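*Asks:* Sequence isn't available, so here's the structure alone:
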């Protein structure tokens, strides 16, 4: 107390202050607020200050730490007066403070625990201009708008903001209540110029207003969605009540429930299936349509209802009719058709449809898939086909468990849902091309499907109910049996489909391929006529593979070019016709004018003639489009080469042994039979054998055996000096090096080539051979003689050397394939030499 009166506290502030580190936001001057203190060092500072003048400095931490030092603090803070202190049970204190003024740390007197510093108090740079007054009004106006739209602003805060009269304090108060980053608040605290501080605060108010606008928009959209869903719900309930009053079906759920109930009662389920269906139906009736589980249960019941649970009717088919269908749909394949008809006869005799699994094996394009369709047609059954080539997931066969989102049945159950019968014909294509991965082995999953002892109670993962698939007639196709697992192979009846020779392709083209291709390309049968030589030329020069797929592609290529020629002719004819009509119209017009002039000169002398001319009708012009549509093409070899280009396999392009060290063998591949040229040569140098041509391990072993046998015979029988082998390095090669080759059946071919090299003699012309060679010179049996014979015929061979133990296989080869070829069965390699390299 002085003579002048009471001195304000902010005028007698000490130059030395104990500091409290603030973890959260900075506190501005002119604020009355509570603070909770938990740090033991800060609690001691508060206790000491409260027992003294009650003044502490509040400074925000730059980096939060448990043991702050003065270097961890910002340099500008706020001095505060402790109004009240409340001790807390955990050792901390809760204080109510009134903040007074800004200060700046000048010097550290005690850098840590407790922090004491010498300070300078900062005065505001006031500017009582109209701009400051305008900013003050703007701040209050903008904050009123925010406070009205934000329920977090209390009425007391609104009153405080209105009652503050100092522009700087208004800016400080608003900055303290805005939801802005603490570092931005610290920057505002450090601004001493009132006008600049107010401008910064106004910028943050505008940002807050923008956030509020976005928040209101989001809230409004959410409310609209909620209101719409509630409205839809009430309307649906009202509609349900109205329909119930009128005795109509209440909703889709009730319709589905009744549909499922009717179907399941018709199926007359028993045992496990009945129990599961009843449980699912009860669950379905209690579910709300809006729940996620409702759709899952509905889809499951739908899958059960869509399956053909009733026993199939007895098979009724005519064996003669079945034979007729197979003959009409396929040319040749006599053995295959006989085996299929025999198989169907057994089915009819036993009156049993169970255990029917046939495997059709053959090169691409020989008609495996179409043969399956013919079997289905012969039996009068529904046909369903799916491919397992490249399949690596077991769930594709047995389905996904219902615990997964988007679960669905496997291919077997899905196919039965489509055909809607319990005894269809199922074709599983490319069974030899399945793979295995971490997702399972589809081939193993097929074991249960194709095993007659298990498939009467096949259990799909999705359905999880036993379903009888033993009535399904399964037909599987493959190009080779090598990659099919043995347990799977044991469950199937194997029927081999060999390739076609050129004469068979000729008949197939005439009967099936030509009509199909002409129709596909918009041509009529009487427009295109092929000679026999032209079709044989396509087969031999452009489509020499075992099947007829490339043959059909080449026919399509020719017919597309013919279609273009016809369209071009039609368009040219139409254009010529239009020009001719235009010229004739002009000529008639000029002629009529001349005649009218002559009639005018004649006057009334010829009135009737003039009238007749004036009423004359225009003459209709003929069109050439009809002629263009019926252009006929006679296709010969020359025309074929013009349309398809140079032959891929020229007439002279047959594999032959025309030099010493060469021989021609026969091989079997997944694409059918093929011919194989073996080449051998020698170079002066160190003794040894080099093998090239991408041979497999088995073929390399056969080459080593061939070398040993050939060397022994050359020295002992043909008088070749041992020194020749010691001083020469032999290189044996099989052309087409990029194609992998393996198997033992080229043993005698490689040995013959080596002996041809050592003796300097050429092997008998048009002679091919196949057979495994043992170390003692025995010729062992091989497989695929039929396919190899077809390949030999395509290569124009006249003699085939083959193992004597394969003579039984000759009966399976049609006579028209064997025609013109002499077969030489042999038991030992010496017999091969007598035929290939006679003395």
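*Replies:* All right, it came through fine. These figures come from a predicted structure and were not determined experimentally.

*Asks:* Can you list the helices and strands that the helix or strand where residue 34 lies packs against?
*Replies:* Using DSSP states H and E, the element containing residue 34 is strand 32-37. Here strand 32-37 is seen to pack against strand 16-22, strand 93-110 when contacts are counted using 3 or more Cβ pairs under 8 Å, 6 or more residues apart in numbering; DSSP states H and E. Just so you know, the C-beta spots here come from the backbone N, C-alpha and C atoms, and that holds for glycine as well.

*Asks:* Parallel or antiparallel, list what pairs with the first one.
*Replies:* Just to be clear, that refers to strand 16-22. Next to strand 16-22 in the sheet, as set by DSSP bridges, lie strand 55-60 (parallel), strand 115-121 (antiparallel).

*Asks:* So what touches the last one?
*Replies:* Yep, that's strand 115-121 we're talking about. 13, 15-19, 21, 41, 45, 57, 68-70, 73, 79, 101-110 (Cβ atoms under 8 Å, 6 or more residues apart in numbering).

*Asks:* Of those, keep whichever come out buried.
*Replies:* 13, 17-19, 21, 41, 45, 57, 68, 70, 73, 79, 101-105, 108 (16 or more other Cβ atoms under 10 Å).

*Asks:* Can you tell me the SS state at residue 668?
*Replies:* Using DSSP: H, G, I helix; E, B strand; the rest coil, the structure places residue 668 in strand.

*Asks:* hang on, the earlier thing: show me how far whichever helix or strand comes after the strand holding residue 34 is from its chain's centre.
*Replies:* Using DSSP H and E, the helix or strand that follows strand 32-37 towards the C-terminus is helix 40-51. How far helix 40-51 lies from its chain's middle: 71 Å, per Cα atoms, centre = their mean, to the nearest Å.

*Asks:* Helix 40-51 - contacts with which helices or strands?
*Replies:* Helix 40-51 packs on strand 16-22, strand 55-60, strand 76-87, strand 93-110, going by 3+ Cβ pairs under 8 Å, 6+ apart.

*Asks:* I'd like these as a markdown table, with distance to residue 759 and mean pLDDT appended.
*Replies:* Formatted as a markdown table, the helices and strands packed on helix 40-51 follow (distance: least, Cβ to Cβ, whole Å; pLDDT from 0 to 100):
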| stretch | distance to residue 759 | mean pLDDT |
| --- | --- | --- |
| strand 16-22 | 105 | 88 |
| strand 55-60 | 104 | 90 |
| strand 76-87 | 109 | 90 |
| strand 93-110 | 109 | 89 |
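
*Asks:* With distance to residue 118 added, can I get these in CSV?
*Replies:* Output for the helices and strands packed on helix 40-51, formatted as CSV (distance: least, Cβ to Cβ, whole Å):
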stretch, distance to residue 118
strand 16-22, 6
strand 55-60, 11
strand 76-87, 13
strand 93-110, 4
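
*Asks:* Between these, which one is closest to residue 331.
*Replies:* Nearest to residue 331 among the helices and strands packed on helix 40-51 is strand 55-60 (95.5 Å), distances taken as Cβ to Cβ.

*Asks:* Now do the closest one against helix 40-51, angle only.
*Replies:* Here the directions of strand 55-60 and helix 40-51 differ by 150 degrees (axes from the mean of the first three to the mean of the last three Cα atoms, to 10 degrees).

*Asks:* Give the residue spans of this protein that score low on pLDDT.
*Replies:* Residues of the chain meeting the criterion pLDDT under 70: 1-11, 128, 148-165, 247-251, 352-356, 586-630, 651-653, 670-671, 737-738.

*Asks:* Try it again at 50.
*Replies:* 1-3, 592, 596-628 (pLDDT under 50).

*Asks:* Relative to residue 411, which of the strands paired with strand 16-22 is closest?
*Replies:* Closest to residue 411 of the strands paired with strand 16-22 is strand 55-60 (Cβ to Cβ; 68.3 Å).

*Asks:* So for residue 798, which of the helices and strands packed on strand 32-37 sits nearest?
*Replies:* strand 16-22 (106.7 Å).

*Asks:* Take the strands paired with strand 16-22 and write them to a markdown table, including distance to residue 185.
*Replies:* Formatted as a markdown table, the strands paired with strand 16-22 follow (distance: least, Cβ to Cβ, whole Å):
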| stretch | distance to residue 185 |
| --- | --- |
| strand 55-60 | 8 |
| strand 115-121 | 20 |
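
*Asks:* Tell me which of the ones you listed lies nearest to residue 662.
*Replies:* Of these, nearest to residue 662 by Cβ to Cβ is strand 55-60, at 95.4 Å.

*Asks:* With distance to residue 373 added, can I get the helices and strands packed on strand 32-37 in a markdown table?
*Replies:* As requested, the helices and strands packed on strand 32-37 are exported to a markdown table (distance: least, Cβ to Cβ, whole Å):
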| stretch | distance to residue 373 |
| --- | --- |
| strand 16-22 | 85 |
| strand 93-110 | 89 |
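
*Asks:* Out of the ones you listed, the one nearest residue 127 is which?
*Replies:* With Cβ to Cβ as the criterion, residue 127 lies closest to strand 93-110 of the helices and strands packed on strand 32-37, at 17.1 Å.

*Asks:* Could you list the paired strands of the closest one along with their orientation?
*Replies:* Paired with strand 93-110 in the same sheet, following DSSP bridges, are strand 32-37 (antiparallel), strand 76-87 (antiparallel), strand 115-121 (antiparallel).

*Asks:* What residues of the first one count as buried?
*Replies:* Of the residues in strand 32-37, 35, 37 count as buried by neighbour count, 16+ other Cβ under 10 Å.

*Asks:* mind checking how far it is from the chain centre?
*Replies:* With Cα atoms, centre = their mean, you get 64 Å for strand 32-37.

*Asks:* What of stretch 517-531?
*Replies:* Put simply, stretch 517-531 sits 38 Å off its chain's centre (Cα atoms, centre = their mean).

*Asks:* got a list of contacts for it?
*Replies:* By Cβ under 8 Å, 6+ apart, the residues outside stretch 517-531 that reach it are 509, 514-515, 552, 555-556, 559-560, 562-563, 566, 630-637.
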